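> Okay, sequence plus prediction incoming.
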Amino acid sequence: MPRGGTQLRAHRTLLPGCPAAAKGNGRVRGLGVIGFEGVKFGYGSGAPILSDVSVDLAPGRLYLLTGPSGAGKTTFLRLCLMEALPRAGRLTLWGQAAQTLDRDAIAGLRQRIGVVHQEGRFLDHLDLRRNIALPLQIAGRHGPDQEADIDDLLAWVGLTHRAGARPPELSGGERQRAALARAVMLSPELIVADEPTGNIDADMSARIVALLVELNRLGRTILIATHDMDLVRSVKAETAPVILRLKAGRLERAEARA
Amino acid sequence: MTRAGLWRLIAGDPAADAAVPPSGATGHLTLFAAAALALMATLALALERGADRLAASWTGALSGAATLELAAGDPQAPGRAAAILDQTPGIAAHRPLQPEEVAALVAPWLDAPELLATLDLPRLIAIEETSALDRAALIARLAGEIPAARYVTHTRWRDRMALAAGRLRGLALGLLTVTLLTTGALVALAARGALAMHAQVLETLRLLGARDAYIARAFVRRFTLRTALGAALGTGLGLAVLAMLPGDGALSPALRPAGPGGWALLAATPLPLAAIGFAATRRAAFRVLHRIR
C-alpha cells in the first residue's frame, strides 16, 4: 500500500475537509473542537486520575498526547468521547457542555468523532466491509451510492482483499488500518486514536502515521494518544504537531510547534 | 407506538438488525417459552369462555323451573295438585313425570337397578313458572290442601352451580394472568441475557454514535417477533387440541369454543403475548443501555 499517496487522494471525495464539511450543516465554526477547563476526574471516590486539566483543541490541528503508562492518556480520551464526565471543571465539545447533554445529543456528537482504538473494537459477527460501513448505517446514510465509498476506503487502507474477512481473522496491523477506515467513514471533524501503532511493526506504524498525517492535511483535527516515542518522531518528521504531555494526571506542557 | 413505529418494527431495518449479534440460546428459549405459555394461555382462555357459557346455560336451564314432589302413598294428590296449579296465576305449564322418568332420575344413584322395584318413588310434577307467580302463596296453599307436598324451586342448586362456574372462570382468569405475566418476565429475562452477553457490542455501537432507540429497536424487533412466532405455534397447538376433543366428551362443553367467534378469539392469543414481549424487551433494552454511556 502506498504511504498516503494516490489512493488517499482518490478518496478525497469522501473527505471533503473539515472546514468545508462544517459549512453547510449548521455546525458552529470558530470554536475549539474540545475544551477542558480545570477538569478533574477520578473513578468513583478514588484518587483523581486527571487534575486541573485545561486545554483547548483547535480545529484542523494534530495533537499528540504523550506520557508514561498510567498518566491518564486513555482517561483523557474517554472524556473526549464522553464515555466519562469530569468530577469537576468544564468539558465542552464544539461549544456544548458535555455535562448538560442527553444521551441522544451525545450520540449525535459522537458521529462527528472518528475513533481508532488500540484493540479495534469491531463487531466480530460482521465482516470487515460491514464493520467499516457501520458508522454510515448508524447515521442512516447507508445506501447503494455509499458502496463505492466503502470500496475507496478499503483501497485507501490497503484492505480490499480482506473485505470479506471477520475481525478475528485480521492481523494487528490490518485491524489498526480497518479501525482507521471505519473512523473516517462519516468524514468526522475529529479523529481520536488511542495507541494506534501499538502491537504492530515499524513499517505498519509508518503507514498508519502517514494516513493520520494525511487526514490532518485534509483538515481533520487529530488527537493521538501514545507513549511510543518513535511515533512522536515520525509525526514530527512529517508535520508540526501540538504535543500535550500528561504526567501523574496533570497536563504539564502544551507545546505548539507551528 | 405510532403507526410508522409499528411499521418500522415489523419491516425492520436490515442494517440495524445485522449490527445486533445473533441471540443464540436466549432466542431459542424465547421461542420455546412463548410457545408453551401460549398453549397454556389458549387453554386457559378456552376454559374461561367455557365456564362462562356453562354458567349461563346452567342458570338459564334452571331459571323458572320448579318441581312439585308428592308422596307416593296418596293417589289423589296428583289430581288435586294439578287443579291447584291450573288455578294459580304465574304457572306457565305443568306436567306430571311418568313413573319411568322418575325411575330414570333415581337409577344412577343406585348400585343395583333391581332395588328400584322395591322403592316407593314419589310422584313429580315439572312446573314452569313466570314472573307473575306468587310462590309463597302457592306454597302456603299446597301446605294447607296437600300437606305432604314439597315445592322445590332448584334455587339452591342453581346458586351452587353458578358459584362453581364462577370459581372455574376465576381460576381460568387467574391462570391466564399468571401466564401473561410469566411471558413478560421470561421474555424480559431472555432479552436482558442477550443484551448483557453483547455488552461490548452495545458499547461499540454507542461509541460509533448509535442512539439508544437504534440499538433497542433491533433487539426489541427480534424478541417481539420470536415471541409472536412462538405464541402462534403454541396457540396453533392449543387450537388443534381443542378441535380434537370428542364432541360428546366430558371436557367439550367446558373447553371447546362456541362458533367462529369463539375460535377467532382464541386464535388472537398471540397478539397480547407479542405486545407483552414488545413491552418487556423494550423496557429491558433501555434499562441495560442506560448503564452504558
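Everything's here; your move.

> Helix or strand: which one has residue B:157?
helix B:155-197 (DSSP states H and E).

> centre of the chain versus that helix, how much separation?
10 Å (C-alpha atoms, centre = their mean, to the nearest Å).

> what about it, near chain A?
No - Helix B:155-197 stays clear of chain A (C-beta under 8 Å from any C-beta of the partner chain), getting no nearer than 12.0 Å. Yep, even glycine has a C-beta here, placed from its N, CA and C like the rest.

> Show me which residues of the stretch 1-150 of chain B are close to chain A?
Selection of the stretch 1-150 of chain B residues close to chain A by C-beta under 8 Å from any C-beta yields B:15-16, B:18-19, B:21-22.

> Tell me how many other residues crowd residue A:185.
Residue neighbour count, defined by other C-beta atoms under 10 Å in any protein chain shown, stands at 26 for residue A:185.

> give me phi/psi at it?
Note on residue A:185: its backbone torsions stand at phi -50, psi -40 [degrees, to the nearest 10].

> got it, and residue A:97?
Per degrees, to the nearest 10, the backbone of residue A:97 is at phi -70, psi 120.

> need the contact list for it.
Each residue near residue A:97 by C-beta atoms under 8 Å, 6 or more residues apart in numbering or on different chains is listed here: A:90-91.

> Let's see that with 10 Å instead.
Taking C-beta atoms under 10 Å, 6 or more residues apart in numbering or on different chains, we find residue A:97 in contact with A:35, A:37, A:90-91.

> that older thread, just to be sure, which of the residues of the stretch 1-150 of chain B next to chain A are found in strands?
Assignment to strands by DSSP state E places none of those there.

> circling back: now do the helix holding residue B:157: which elements does it pack against?
helix B:25-62, helix B:199-207, helix B:212-244, helix B:252-255, helix B:270-289 (3 or more C-beta pairs under 10 Å, 6 or more residues apart in numbering or on different chains; DSSP states H and E).

> So for the third one, what gets flagged as buried?
For helix B:212-244, burial by neighbour count (16 or more other C-beta atoms under 10 Å in any protein chain shown) applies to B:212-239, B:242.

> Whether stretch A:141-153 contacts chain B - can you check?
Yes - among the residues of stretch A:141-153, residue A:142 lie within reach of chain B under C-beta under 10 Å from any C-beta of the partner chain.

> ok, back up a step: can you tell me which of the buried residues of helix B:212-244 are up against chain A?
B:212-215.

> Which residue ranges of the stretch 101-250 of chain A form helices?
A:103-110, A:128-138, A:146-156, A:172-184, A:202-217, A:229-238 (DSSP state H, counting those that start in this stretch).

> Can you convert the ones you listed into CSV and add a column each for mean pLDDT and mean neighbour count?
What follows is those, written out as CSV (pLDDT from 0 to 100; neighbours: other C-beta atoms under 10 Å in any protein chain shown):
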stretch, mean pLDDT, mean neighbour count
helix A:103-110, 94, 18
helix A:128-138, 92, 23
helix A:146-156, 87, 19
helix A:172-184, 89, 24
helix A:202-217, 86, 20
helix A:229-238, 87, 16
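
> returning to what we had before: among the residues of the stretch 1-150 of chain B next to chain A, which one is most surrounded by other residues?
residue B:19 (24 neighbours).

> so where's the stretch 51-200 of chain B uncertain?
By pLDDT under 70, the weakly predicted segments of the stretch 51-200 of chain B are B:61-62.

> cutoff 50 now
The stretch 51-200 of chain B contains no residues with pLDDT under 50.

> ok, and the closest non-adjacent residue to the one residue sitting closest to the centre of chain B?
Nearest to the geometric centre of chain B sits residue B:48, at 1.1 Å (C-alpha atoms, centre = their mean). Distance criterion C-beta to C-beta, 6 or more residues apart in numbering or on different chains; nearest residue to residue B:48, sequence neighbours excluded, is residue B:172 at 3.6 Å.

> With residue A:201 instead?
Leaving aside its chain neighbours, residue A:201 sits nearest to residue A:173 (7.0 Å; criterion: C-beta to C-beta, 6+ apart).

> can you check residue B:192 too?
residue B:284 (4.6 Å).

> List the contacts of that neighbour.
Contacts of residue B:284 by C-beta under 10 Å, 6+ apart are B:184, B:187-196, B:216, B:219-220, B:223.

> Tell me what angle the helix holding residue B:157 forms with helix B:212-244.
140 degrees (axes from the mean of the first three to the mean of the last three C-alpha atoms, to 10 degrees).

> Now do helix B:155-197 and helix B:270-289, the angle between them.
Computed by the same axes, to 10 degrees, the angle between helix B:155-197 and helix B:270-289 is 40 degrees.

> just to revisit the earlier point, tell me the contacts of the residue nearest to residue A:201?
So residue A:173 contacts A:158-159, A:197, A:199-201, A:203-205, A:207-208 (C-beta under 10 Å, 6+ apart).

> how far away is it from residue A:180?
11 Å (C-beta to C-beta, to the nearest Å).

> Need the overlap of contacts for those two.
A:159, A:207-208.

> Please produce TSV containing those residues, extended by distance to residue B:88.
Shown next, in TSV, are those (distance: C-beta to C-beta, whole Å):
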residue	distance to residue B:88
A:159	102
A:207	111
A:208	108
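
> Please identify which of those is nearest to residue B:177.
Distance to residue B:177 across those (C-beta to C-beta) is lowest for residue A:159, with 56.0 Å.

> Point out where chain A drops to low pLDDT.
For chain A, the stretches with pLDDT under 50 are A:1-14, A:16-30, A:256, A:258.

> Quick test: name the residue nearest the centre of it.
Central residue of chain A (C-alpha atoms, centre = their mean): residue A:192, 1.9 Å from the mean position.

> Distance check, that residue against chain B.
As judged by C-beta to the nearest C-beta, to the nearest Å, residue A:192 and chain B stand 10 Å apart.

> same thing with residue A:248?
25 Å.

> in the stretch 101-250 of chain B, what residue is nearest chain A?
In the stretch 101-250 of chain B, the residue that lies nearest chain A is residue B:209 (3.6 Å; C-beta to the nearest C-beta).

> Now that residue: phi and psi?
The phi/psi pair for residue B:209 (degrees, to the nearest 10) is phi 100, psi 10.

> Just the pLDDT for it.
In this model, residue B:209 is scored at 93, pLDDT.

> need the contact list for it.
A:106-115, A:134-135, A:138-139, A:186, A:188.

> Check the gap between the residue nearest to residue A:56 when sequence neighbours are not counted and residue A:160 for me.
Sequence neighbours aside, residue A:32 is the residue nearest to residue A:56 in space, at 4.0 Å (criterion: C-beta to C-beta, 6+ apart). Look at residue A:32 and residue A:160: by C-beta to C-beta, they are 37 Å apart.
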